[in-house]
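Peer 1: okay, predicted coordinates and the sequence, questions at the end:
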Amino acid sequence: MQLLVYLFILVIAGAAGATAYFGLTFTVIESALTAAVALALCLQTMERTLRWRAEKRMEKAIEDLSRLLSTDAQAGQVLSQRINSLTDLSAGPRLDVLEADLSVLGTVVRQVAEAVSDLESQAAEAGPVPVAPPAHKHAAPAEPQREPEPVIPLEMLRLALDEGRLVYYMQPIITLPQRRHSGYDLVPRLKLEDGDLADAPDFMPRRGGQDVVRRIERAGIEEAVTIVRRARTNGQPALLFVPISRAILAHRDSVDELVGLFDASRVVSTSLVLRMREPDWRNIMASERAAIAEFHAKGIGFALTGAQTLRLDFNELAGMGVTSIRIDAEQFANDPSALTDFHSADIAAYIERFAIDLVVENVRTEQQILSALEDGIKYAQGPHIAAAAQIRADLMVRRDVPAAQAKIG
């Protein structure tokens, strides 16, 4: 590319010399001098442009390096604080308490041993106890627990979709501790014939019905594109998380349709995030990875929900476009070691190094929010914070849905 630019400069210089010679009746020497001056001016302009671009790249690299150094310095400060707090502990009183507990425990063990000895003596005096026949060595393994089937049958779901009874609600994700809205989950619901609303677990097929799943998820993505575009037009830009599953990733035609949709909506694609269950993400195939790469190339990010472990390759996840990972608030508060080998107060900062946010979901109590704050988690979602609410009518594709009672922003 740079060679073409230099060739173009030579053409310009030659054209300037030819114009001076034939058009302005300059002599050959004057025309050559004119061409040389034009060449020098073009080269100087080109070099200044290249130098300016190089300086910009260097400034950006220095800013990135400064940000990384700042993160490392913060981590070092936290480590120093923990070490200082450990050195300030007084071990003497703790050892005294431990010795007292051991003394009590020894007394209890001695009493238990005496009681067992008395029971054995009584059993020996009463005579031998009949022994039950041994159980079969190889017992049949218990059947794995199967997921419950949805309440609404597949055919009834198809009919409801044909009648346009699929509606969407939005549930906010907040920042901690400010509790400001940072994004919204798009939540599909099905309007029943009696006017009630069914949640996704009550109607989403679990085995079979992949075409219906794709239909629902494609409709949700189209709805999300319209909502984000109209919210942006109204001056209320919003980050929207849209559910997606392997049913779409494994279907080539659906992937091509969505790639075309994202390509036509590049202005709002950065405000769209496809959310997927973390256990499903771990089982994706090579073709599904290719679909994820195509979506990411169009500016689409991904969020993993219901994470069963944080022992993941975050560098690889960041490269695939993952921007956030969600964990259950109750599990992380009660048993964080089941999710990660890091200390609960360090895992969020570590994941943040890869530009991935850690989010606690299904928050049901205020204590879970306080626990997340103590562990440095900056985002939360759940029924204790806010339930899913209707979308404003001016943002929706479907106009037959009642007006929303909750606003974006």
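Peer 2: Received, thanks.
Peer 1: for stretch 302-316, give the mean pLDDT please.
Peer 2: Averaging pLDDT along stretch 302-316 gives 95.
Peer 1: check contacts around T107.
Peer 2: Not one residue lies near T107 by Cβ atoms under 8 Å, 6 or more residues apart in numbering. All C-beta atoms are positioned from the backbone trio N, CA, C, and that covers glycine.
Peer 1: any idea which helix or strand carries it?
Peer 2: Here T107, judged by DSSP states H and E, is contained in helix 91-126.
Peer 1: mind listing residues that contact the very next helix or strand once past that helix?
Peer 2: Once the chain leaves helix 91-126, the next helix or strand it forms, by DSSP H and E, is helix 154-162. Residues outside helix 154-162 that contact it (Cβ under 8 Å, 6+ apart): 150, 152, 166, 190-192, 203, 205, 208-209, 212, 215-216.
Peer 1: how does it look with 10 Å?
Peer 2: When contacts are defined by Cβ atoms under 10 Å, 6 or more residues apart in numbering, helix 154-162 is touched by residues 150, 152-153, 165-166, 190-193, 198, 202-205, 207-209, 211-213, 215-216, 219.
Peer 1: do the same with stretch 34-51
Peer 2: For stretch 34-51, using Cβ under 10 Å, 6+ apart, the contacting residues are 2, 5-6, 8-10, 12-21, 24, 26.
Peer 1: buried residues in that stretch?
Peer 2: Using 16 or more other Cβ atoms under 10 Å as the test for burial, stretch 34-51 gives T34, A35, A38, L39, C42.
Peer 1: narrow the contacts of stretch 34-51 to just the buried residues.
Peer 2: For the contacts of stretch 34-51, buried by 16+ other Cβ under 10 Å: I9, A13, A16, G17, A20, Y21, F26.
Peer 1: which one of the residues you listed is nearest to R277?
Peer 2: I9 (56.3 Å; Cβ to Cβ).
Peer 1: show me what contacts that closest one?
Peer 2: Contacts of I9 by Cβ under 10 Å, 6+ apart are A38, L39, L41, C42, L43, T45, M46.
Peer 1: which SS state does it fall under?
Peer 2: helix (DSSP: H, G, I helix; E, B strand; the rest coil).
Peer 1: now, which of the buried residues of stretch 34-51 lie within helices?
Peer 2: Taking DSSP state H, the ones among the buried residues of stretch 34-51 that sit in helices are T34, A35, A38, L39, C42.
Peer 1: the second one: what's its closest spatial neighbour, skipping adjacent residues?
Peer 2: Counting by Cβ to Cβ, 6 or more residues apart in numbering, A35 lies nearest to G17, which is 3.0 Å off, once chain neighbours are set aside.
Peer 1: on that earlier part again, can you put the buried residues of stretch 34-51 in a markdown table and add distance to V359 and pLDDT?
Peer 2: What follows is the buried residues of stretch 34-51, written out as a markdown table (distance: Cβ to Cβ, whole Å; pLDDT from 0 to 100):
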| residue | distance to V359 | pLDDT |
| --- | --- | --- |
| T34 | 66 | 85 |
| A35 | 64 | 84 |
| A38 | 60 | 85 |
| L39 | 59 | 86 |
| C42 | 54 | 87 |
